[in-house]
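# Here is a sequence with its predicted model. Questions after.
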Amino acid sequence: MKEHLRVSGELHELEVSERGGVVTVTVDGECHEIADLKREGAEIMFRLGDRIYRFLAHADRKRVIIWRQGQVRSCERVESADEGEAEEAKGASLTSQMPGMVLKLLLEPGTEVKAGTPLMILEAMKMEHEVCAPGDGKLVSYPHKEGDRVMPGDLLVEFEAAT
Amino acid sequence: MFKRVLVANRGEIAVRVIRGCQELGCEAVAVYSEPDAEALHVRQADMAVLLGPAAPAESYLNFERILDAARLQGCEAVHPGYGFLAENAEFAQAVEDAGFAWIGPPPEAMRRMGLKVEARELARKSGAPVIPGFDNTDASDAEFIAAAEEMGWPAMVKASAGGGGKGMRVVHDADRLVAALEAARREAGKAFGNPAVYIEKFIERPRHIEIQVLFDRDGRGVHLGERECSIQRRHQKVVEETPSPGVDEKLRAKMGEAALGIAAEVGYVNAGTVEFIMAPDKSYYFLEMNTRLQVEHPVTEFVYGVDLVHEQLRIASGEGMTLKQEELVPRGHSIEVRVCAEDPRADFLPQIGTVEVLRTPSGPGVRFDMSLYEGWEIGPDYDPLLGKLIAYGPSRPAAIARLDAALRNTAVLGVTTNLSFLRRVIRHPAFAEGELHTGFIEENGDGLVTPLPELPELIAAALAASKPCGAPATAVTGGGEAGIASPWEYLGEWSNT
């Protein structure tokens, strides 16, 4: 079964298959044969060419997290390549990653801004965080008013990237 | 020594203080809020008392409930850790008034050092150099602007009752000062219940150097050298070490004397830290005194061979000073990094989540003070600090190498942490050079980003992703074509965590 994962912003198509005792992993259409695959608990070990790789991994419905030698990657599961592209096209609107409170709205809706311009101040974990424009574009609206509580995934700013 | 001590805190510091108590044969009573019922500090304590709901005001900041817990469990003393009530002089007074020993300085010393403006005055009186500033907290915006113009830009806005980076802003021109004052007052009011702010001259490319002091109840004091905490982000310390690459023996003795003088001026007792800011020319100025144990105390413990929590407990229980200044000589080098639930790729926004997989480092000279276990859920209610990883080595390069290896062997999966960011900081060539200053992370930020994933990572991700969720291994046939044995049989045992 093909899996679609978003890793560091890039969408990847991945597939694991096995034929005659040989495990092959296809990464974006390219096949790689791996050897000595072992799994124990959270550990995944395999050989690729001459190198031995030991990873720790956790997978659930929404994401796959892998770790090796202190380096962590969180990969977001995407149902299909189409859905991944649709999400990308939706663009730059900003969602909250944390439960928090909208402390201050800084600009008038409709304002054209440069990348990095602070748009609102969010309070989370007792600290103030500036939510900044992800690129040049227009601040369309604020779905919440000052004092509103927000949860992870809530839209904070409706933003339209400049084309 | 006390027989039973209440630890009025949570997280890694509560775990660390509980261990310190138990090592001295003293029972530790934990307190906790509702979401912390399963927390590690509760599991490791000898007894535990529920304070109330998550909100700090109803739990970890609630004087009455904490004191009731101490009475209920027959405690003799209260250790505040750091954060929460650790620098609250009223709480310290309430603890003493209720007949318990306060494992910290006298409330009056806390009160005076807690008001940054008064602390500056105390330091001035003791003869220590103080940073130029304007500390009339009632001044108008125009007066603040005039004062900043006179000192010269940039200026630093600071909360009078502050600490921990809250209410602090660096301002480069008059246009931005009013907004910074407003934001700092708001943050300070919320964090400390006191919106007063003042301004100081901002020293460019400064080092943050602090001196650990210990005083017994008879006023005998020693210092345990310096800690360098220059690697900061938004005025929050990220990496701390001792000895400082910028401090030699002569300077250490001089700053140590200055710190002891400041502490003596206020009649200090127990462990405390005098913070200085050091300009590139090695001139230094008193910044503030932290009237409590510091987050970064373990580096001093490694290099001076002293358990600071034990010393705190001994001093509070009335024992005299056993440490001698001439014997407190630094040996080797120690570095600490602060492990936080925050996302370096999303402007270090605090993160929540469940610890699904945990691997901790070990080996000689490695210490991991933390409050995690697999299954523990990090919620949004408290500080994102998860723990501290500390390494010790005979030299600075040896300590860096050990810390690097320890970070390489630490895994926290399920909640985003700054672990890989920390590793990139301590592996940075400029860090190895020891040319540290508080703008290090901003200046070297480009070299601290995550590299793009390589092929083995994508392969591992594919293998992990293809693992079925919640289905027993034998029931899975996906991936194999008709007539071919399922790869899952070949792949061996699954563990569905």
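Alright, I've got the coordinates.
# contacting residues for whichever residue of the stretch 151-300 of chain B sits closest to chain A?
The stretch 151-300 of chain B approaches chain A most closely through B:E187 (5.9 Å), counting by C-beta to the nearest C-beta. For every residue, glycine as well, the C-beta is placed using N, CA and C. Under the criterion of C-beta atoms under 8 Å, 6 or more residues apart in numbering or on different chains, the contact list for B:E187 reads A:E128, B:A159, B:K166, B:G167.
# shaky segments in chain B?
Flagging of chain B using pLDDT under 70 yields the residue ranges B:163-164, B:447, B:449, B:467-497.
# what's the single longest strand in it?
Once chain B is assigned using DSSP state E, the strand that runs over the most residues is strand B:221-233.
# mind listing what that one pairs with, with the direction of each?
The sheet places strand B:221-233 alongside strand B:207-215 (antiparallel), strand B:236-242 (antiparallel), with pairing taken from DSSP bridges.
# of all of the stretch 1-150 of chain B, which residue lies closest to chain A?
Taking C-beta to the nearest C-beta as the measure, the point where the stretch 1-150 of chain B comes nearest chain A is B:P56, at 8.7 Å.
# For that residue, grab phi and psi.
The phi and psi values for B:P56, taken as degrees, to the nearest 10, are phi -50, psi -40.
# go on, B:G387?
In this entry, B:G387 is assigned phi and psi values of phi 170, psi -180 (degrees, to the nearest 10).
# same check, this time on the one 10 residues further on
For B:P397, the backbone dihedrals are phi -60, psi -40 (criterion: degrees, to the nearest 10).
# Can you say which helix or strand has the residue of the stretch 151-300 of chain B closest to chain A in it?
helix B:174-192 (DSSP states H and E).
# That helix: how far from the chain's middle?
With C-alpha atoms, centre = their mean, to the nearest Å as the basis, helix B:174-192 stands 23 Å off its chain's centre.
# Ok, stretch A:107-116 next?
Offset of stretch A:107-116 from its chain centre (C-alpha atoms, centre = their mean): 24 Å.
# distance between the ends of it?
The straight-line separation of the ends of stretch A:107-116 (C-alpha to C-alpha, to the nearest Å) is 13 Å.
# buried residues in it?
For stretch A:107-116, the buried set under the neighbour-count rule, 16 or more other C-beta atoms under 10 Å in any protein chain shown, comprises A:L107, A:V113.
# excluding its backbone neighbours, what's nearest the residue most central in space within chain A?
Centroid-nearest residue in chain A: A:E76, 5.3 Å away (criterion: C-alpha atoms, centre = their mean). Take A:E76 and drop its neighbours on the chain: the residue closest to it by C-beta to C-beta, 6 or more residues apart in numbering or on different chains is A:R6, 4.3 Å away.
# which helices and strands does the host helix or strand of that neighbour pack with?
Under the assignment given by DSSP H and E, the secondary-structure element containing A:R6 is strand A:3-7. For strand A:3-7, the elements it packs on are strand A:10-19, strand A:71-78, helix A:81-90, helix B:455-466, judged by 3 or more C-beta pairs under 8 Å, 6 or more residues apart in numbering or on different chains; DSSP states H and E.
# strands paired with the first one, and their directions?
Translated: strand A:10-19. Looking at strand A:10-19 with DSSP bridges, its partner strands are strand A:3-7 (antiparallel), strand A:22-27 (antiparallel).
# Make TSV out of those strands and add mean pLDDT.
Putting those into TSV (pLDDT from 0 to 100) gives the following:
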stretch	mean pLDDT
strand A:3-7	91
strand A:22-27	94
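# quick one: the one residue in chain A that gets nearest to chain B and A:I44, what's the gap?
Using C-beta to the nearest C-beta, the closest approach of chain A to chain B is made by A:E18 at 3.2 Å. For A:E18, the distance to A:I44 under the criterion C-beta to C-beta, to the nearest Å works out to 15 Å.
# same question, B:E435
In this structure, B:E435 and A:I44 are 40 Å apart, going by C-beta to C-beta.
# Comparing the two, which residue is more hemmed in?
Relative neighbour count places A:I44 above the other of B:E435 and A:I44, with 24 against 15, counting by other C-beta atoms under 10 Å in any protein chain shown.
# Residues of the stretch 151-300 of chain B that sit close to chain A?
Along the stretch 151-300 of chain B, the residues adjacent to chain A under the rule C-beta under 8 Å from any C-beta of the partner chain are B:K166, B:A183, B:R186, B:E187, B:K190, B:A191.
# nearest spatial neighbour of the first one, skipping sequence neighbours?
Leaving aside its sequence neighbours, B:K166 sits nearest to B:A191 (C-beta to C-beta, 6+ apart; 4.2 Å).
# Can I get the strands paired with strand A:10-19 in a markdown table including mean neighbour count?
As requested, those are exported to a markdown table (neighbours: other C-beta atoms under 10 Å in any protein chain shown):
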| stretch | mean neighbour count |
| --- | --- |
| strand A:3-7 | 20 |
| strand A:22-27 | 17 |
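# could those go into JSON lines alongside distance to A:V150?
Rendered in JSON lines, the data for those read as follows (distance: least, C-beta to C-beta, whole Å):
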{"stretch": "strand A:3-7", "distance to A:V150": "23"}
{"stretch": "strand A:22-27", "distance to A:V150": "36"}
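# closest one to B:F84 among the ones you listed?
With distances scored as C-beta to C-beta, the stretch of those nearest to B:F84 is strand A:3-7 (38.8 Å).
# low-scoring stretches of chain A, by residue?
Looking along chain A with the criterion set at pLDDT under 70, you get A:80-93, A:126.
# can you pull out the strands in the stretch 251-400 of chain B?
Counting by DSSP state E, counting those that start in this stretch, the stretch 251-400 of chain B has these strands, from start to end: B:270-278, B:284-290, B:333-340, B:342-343, B:349-350, B:353-354, B:357-359, B:366-370, B:377-378, B:385-393.
# nearest to B:G152, of those strands?
Taking C-beta to C-beta as the criterion, strand B:284-290 is the member of the strands of the stretch 251-400 of chain B that comes nearest to B:G152, at 14.9 Å.
# Run the angle between that closest one and strand B:207-215 for me.
Here the directions of strand B:284-290 and strand B:207-215 differ by 50 degrees (axes from the mean of the first three to the mean of the last three C-alpha atoms, to 10 degrees).
# Which secondary structure elements does strand B:284-290 sit against?
Helices and strands touching strand B:284-290, as assessed by 3+ C-beta pairs under 8 Å, 6+ apart, comprise helix B:116-126, strand B:207-215, helix B:249-265, strand B:270-278.
# Same list, the ones you listed, but as CSV with mean neighbour count and distance to B:P451 please.
CSV is the format used below for the helices and strands packed on strand B:284-290 (neighbours: other C-beta atoms under 10 Å in any protein chain shown; distance: least, C-beta to C-beta, whole Å):
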stretch, mean neighbour count, distance to B:P451
helix B:116-126, 19, 42
strand B:207-215, 25, 29
helix B:249-265, 19, 39
strand B:270-278, 25, 34
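# could you list every residue that touches A:E30?
When contacts are counted by C-beta under 8 Å, 6+ apart, A:E30 is found next to no other residue.
# gap between it and B:V170?
Following C-beta to C-beta, the distance that separates A:E30 from B:V170 is 49 Å.
# any idea which residue of chain A is furthest from its center?
A:G20 (35.4 Å).
# What's the separation between that one and B:Y373?
Taking C-beta to C-beta as the criterion, A:G20 is separated from B:Y373 by 42 Å.
# got it, and A:H129?
The separation that A:H129 has from B:Y373, given C-beta to C-beta, amounts to 28 Å.
# Which element, helix or strand, includes residue 158?
In the absence of a named chain, this looks at chain A. Secondary structure here is read from DSSP H and E; on that basis A:E158 sits in strand A:155-161.
# not quite, I wanted chain B
Going by DSSP H and E, B:K158 is in strand B:155-159.
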